[in-house]
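>>> predicted model follows, preceded by the sequence.
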Amino acid sequence: MRAVQELAVRNLTVAHGRHPAVHHVSFRLAPGQKMALVGPNGAGKSSLLHAVAGLHAPSEGGIEGAGQVALLPQASALDRSFPLSCRDAVLLGLWSEAGAFRPIANPGRVADALAAVGLSGFEKRPVGSLSAGQFQRVLFARLLLQDAPVILLDEPFNALDARTAADLLEVVRRWHGEGRSILAVLHDLDLVRREFPTTLLLAREVVACGPTEEVLSAQNRLRARMMAEAWADDAAPCARAA
Amino acid sequence: MIWEGPIWEGLVGPFVEFGFLRRALVGCVALSLSAPPLGVFLMLRRMSLTGDVLAHGILPGVALGFLLAGLSVPAMALGGLVAGLGIAIGAGAISRATGGREDAALAALYLAALAVGVVMISWRGSSVELTHILFGSVLGVDDLALLMMGGAASATLLFLAVAWRPLVLECFDPSFARAVGVRGSAWHLGLMALVVVSLVAAFQAVGTLMAVGLMMLPAIAARHWARGVGTMVLVSVGVALAATLSGLLLSFHADVPSGPAIVLAAAALWALSLVFGPVEGLAARWWPRRHLEG
């Protein structure tokens, strides 16, 4: 693993047309920090994560240290009927190392990664034959091979049974123990309180960011809930926009 | 002796006897090796309709070449290439502008392209020439057409050898591909350019309207036989080779244009795959077997 650097998001605005998914968001993810990203539906959590991963170009502001991240997308965004074996799906995690045509060094790593997420012997199974939980385990195995210093997780435990969620949470703990930084979009606030010392509460803007118990106060959560979920076509131009 | 019997005379004799049929066979075999893999990737990207649009899109360019230079292969091919690349870029822009809900706009685009092409050819050409351009003719496969087919096939196979990983990655998880720095749009543009080149190379033998059939039908049929991209590509090539051989024989014996004959054979193989293929085949639904232990 490369050395972990700080990830700094400064005054970030990500917009769909003129409507901001998030605007004027600033926060820091220190090396080795484990931070939860929470907020109501439509708060811009995934958009923020995607911007940090380089999928959305910011309309304003910027991100420092973004070159070291690996993203776990929402499993529902992928085509699970795609004709790919688990082995090949996991191997895609080696893109930055192997590129388009360099040979893959030590392909045994795939079996190790699958074993680490509880899928020993699944190499040849088509991803289309997997349950939702097994598919999520495959995506975690791909993240393992990416070996990135900063890991972004978009709703990693959604729609999983308790056993799978616990197993994958253990993988997250292991990453944290290795000194990696973790930023995870989560909805289960009990889990956030148990596992994540710091939290960013988002409602298109930062409502609060800091120690989890302070951030998740009743007052802050009420403020976040006040955010209108739908865009308003008659909204006034943002006074802080450049 | 088998090589003296009716089977020999029906299946092999025409290719031994007629040079033009051998040339068409060689050209179509080359395209059968290269076009179906492109079709597999178009299908996996849910862009089967785009292949059809491109096939129609080259027609106005071919027609312009015909208007300016008559039935000249280089002029029609150049026109088709320029028009096809233009439509490929236009279809991509429509897809981006509509957030992937491009089917209605693409349907409008290919109807317009077909109408413009047919009107242009009708200005100067006869119905025979129109049929030749739309549906192909084995007699049209001269040395230049054969070189184009071989060249398009070679370029496609080389491209696929280099672009296999990024194309698979981009098809399966485009967000992840972008996040890890795969230049998805560059590989995609390469794929679309080769689709156009293949369609242009094929139009002498199978016609502008039918060229896409040799690309898409074997790919769609292969989906019913394979659970991996690699196997799917191999099966699609096998289906295309079988369709080419049987289609050319059908064209010869039944005296029908080669393009529809080859596409008809490919469609028959697709129908068989749809019914009897082990992956989502209809037979498995109609006659369910005893379920397994696990």
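Arrived safely, thanks for sending. Numbers count the residues shown, from 1 in each chain, chains lettered A, B, ... in the order given.

>>> list the buried residues in the lengthiest helix in chain B.
In terms of residue count, the longest helix belonging to chain B (DSSP state H) is helix B:143-172. Judged by neighbour count (16 or more other CB atoms under 10 Å in any protein chain shown), helix B:143-172 contains these buried residues: B:145-146, B:148-150, B:152-153, B:155-156, B:159-160, B:163-172. The C-beta positions use only the backbone N, C-alpha and C, and glycine is treated the same way.

>>> so how far is the helix or strand bottoming out on mean pLDDT in chain A off the chain centroid?
Sorting the helices and strands of chain A by mean pLDDT, DSSP states H and E puts helix A:95-98 at the bottom, at a mean of 87. Shown here is helix A:95-98, whose average C-alpha point lies 20 Å from the average C-alpha point of the whole chain (CA atoms, centre = their mean, to the nearest Å).

>>> just checking, what packs against the next helix or strand after that helix?
Using DSSP states H and E, the helix or strand that follows helix A:95-98 towards the C-terminus is helix A:108-116. For helix A:108-116, the contact count by 3 or more CB pairs under 8 Å, 6 or more residues apart in numbering or on different chains; DSSP states H and E identifies helix A:86-91, helix A:132-146 as packing neighbours.

>>> nearest to residue B:81, out of the ones you listed?
Each of the helices and strands packed on helix A:108-116 has some distance to residue B:81 by CB to CB; the shortest is helix A:86-91, at 34.1 Å.

>>> what sits closest to residue 107 if chain neighbours are left out?
Went with chain A since none was named. Distances taken as CB to CB, 6 or more residues apart in numbering or on different chains place residue A:91 nearest to residue A:107, at 7.5 Å, with adjacent residues excluded.

>>> should've been chain B
Setting aside the residues directly before and after it, residue B:107 is nearest to residue B:49 in space (CB to CB, 6+ apart), at 7.5 Å.

>>> list the buried residues of the one helix or strand that neighbour maps to.
Assigned by DSSP H and E, residue B:49 belongs to helix B:48-69. Of the residues in helix B:48-69, B:48-67 count as buried by neighbour count, 16+ other CB under 10 Å.

>>> ditto for stretch B:175-189
Judged by neighbour count (16+ other CB under 10 Å), stretch B:175-189 contains these buried residues: B:175-180, B:182, B:184, B:187-188.

>>> what do you get for stretch B:189-201?
By neighbour count on 16+ other CB under 10 Å, the buried set for stretch B:189-201 is B:190-201.

>>> so what's the residue positioned nearest the centre of chain A closest to, chain neighbours aside?
Centroid-nearest residue in chain A: residue A:153, 2.2 Å away (criterion: CA atoms, centre = their mean). Taking CB to CB, 6+ apart as the measure, residue A:153 lies nearest to residue A:184, with 4.0 Å between them; neighbours along the chain are not counted.

>>> and what of residue A:224?
The spatially closest residue to residue A:224, leaving aside those adjacent along the chain, is residue A:203, at 4.2 Å (CB to CB, 6+ apart).

>>> the one you found pairs with what?
As for beta bridges, residue A:203 partners with residue A:205 under DSSP bridges.

>>> ok, it touching residue A:222?
No - in terms of CB atoms under 8 Å, residue A:203 does not count as a neighbour of residue A:222; the distance is 10.6 Å.

>>> pLDDT weak spots in chain B?
Scanning chain B for pLDDT under 70 picks out B:1-3, B:99-102.

>>> tell me which element the residue nearest the centre of it falls in.
Here the mean C-alpha position of chain B is nearest to the C-alpha of residue B:215 (CA atoms, centre = their mean), at a distance of 2.6 Å. Under the assignment given by DSSP H and E, the secondary-structure element containing residue B:215 is helix B:211-222.

>>> which neighbouring elements make contact with that helix?
Judged by 3+ CB pairs under 8 Å, 6+ apart, helix B:211-222 is in contact with helix B:19-44, helix B:48-69, helix B:184-206, helix B:229-254, helix B:258-276.

>>> return the distance of the second one from the chain's centre.
It stands for helix B:48-69. 13 Å.
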